[in-house]
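Novice: Quick check, what structure comes out for this input:
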Amino acid sequence: MARISRGALRANLALLHEAGTASLPAELPADAWGHGAATVQAVLDEAGATVTADRLATLLGLPGGDPRARPVMRLGGHVLGTKELRAGEGVSYGLTFRAAADTRIVLVTGGYAQGVVRALGNRASVTCAGTTCPIVGRVAMDVCVVEIGDAHIGRGDEAMFFGDPRDGEPALADWVGATGMTAQEIVSLVGARASRREVA
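Specialist: Here you go, the predicted model:
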């Protein structure tokens, strides 16, 4: 689920007002880079505001914009179940991850069909119940495997793929570093593929 925060949009727009405004492009690029052009335009309209295309990164709270801006998009999944993994056992296609010691893993909703890029396997983390846990093995079509060790995480718990680092959530910048994609490419992909919902 990709949650798009109107509150973050409004807060970021306030940051842009400090520097003045200019004309908005006639069409927001790529559905406002996956955030929903209608939602972004509605927030601009209610404030009677316009921004230039080069300030969209700040408006959406993306890397490369104003570092004070809040991320507008947060991507999360849910734990489907937990499993014991013994030392030497592997997970997912090709067994690119093998446990160095006995541990525990969870299966989390969200795979490459929802914009969780395959390159993130063994290279990125999620947060579950306030704990940072690595994605292990290859990302599958609709799920990925996360190593939780002895953390108290169970079925139904939320797993955050990226969000606001000030709230202890993984940063979108981590995905940029792990995949070599731009932030705009990643959020456009997520926005097009994941379920998307507006929040206050």
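Novice: gap between the least confident helix or strand in the chain by mean pLDDT and the chain center?
Specialist: Lowest by mean pLDDT, DSSP states H and E among the helices and strands of the chain is helix 30-33, with a mean of 86. Mean-position distance between helix 30-33 and its chain equals 15 Å (C-alpha atoms, centre = their mean, to the nearest Å).
Novice: Check which element follows that helix along the chain.
Specialist: Counting by DSSP states H and E, the element after helix 30-33 in chain order, helix or strand, is helix 37-47.
Novice: need the next SSE after that next one, C-terminal direction.
Specialist: Next along the chain after helix 37-47, taking DSSP H and E as the criterion, comes helix 56-60.
Novice: For stretch 75-95, list every residue counted as buried.
Specialist: For stretch 75-95, a neighbour-count test (16 or more other C-beta atoms under 10 Å) marks 75-79, 82, 85, 91-92 as buried. For every residue, glycine as well, the C-beta is placed using N, CA and C.
Novice: Also stretch 52-62?
Specialist: Residues of stretch 52-62 classed as buried: 55-62 (neighbour count, 16+ other C-beta under 10 Å).
Novice: Could I get the full set of strands for this protein?
Specialist: 2-5, 73-85, 90-91, 97-98, 103-109, 125-128, 131-136, 143-147, 158-162, 196-199 (DSSP state E).
Novice: between the buried residues of stretch 52-62, which is nearest residue 10?
Specialist: Ranked by distance to residue 10 (C-beta to C-beta), the buried residues of stretch 52-62 are led by residue 59 at 10.1 Å.
Novice: how about the nearest residue to the closest one, chain neighbours excluded?
Specialist: Computed as C-beta to C-beta, 6 or more residues apart in numbering, the closest residue to residue 59 that is not its neighbour in sequence is residue 12, at 5.1 Å.
Novice: The one you found reaches residue 57, doesn't it?
Specialist: No - judged on C-beta atoms under 8 Å, residue 12 makes no contact with residue 57 at a distance of 9.7 Å.
Novice: what's the overlap in contacts for these two?
Specialist: Counting by C-beta atoms under 8 Å, 6 or more residues apart in numbering, the residues touching both residue 12 and residue 57 are residue 65.
Novice: Would you point out the most distant pair within the buried residues of stretch 75-95?
Specialist: Taking C-beta to C-beta as the measure, the buried residues of stretch 75-95 span a maximum distance of 25.0 Å, between 75 and 85.
Novice: low-scoring pLDDT stretches of the chain, where are they?
Specialist: 19-27, 30 (pLDDT under 70).
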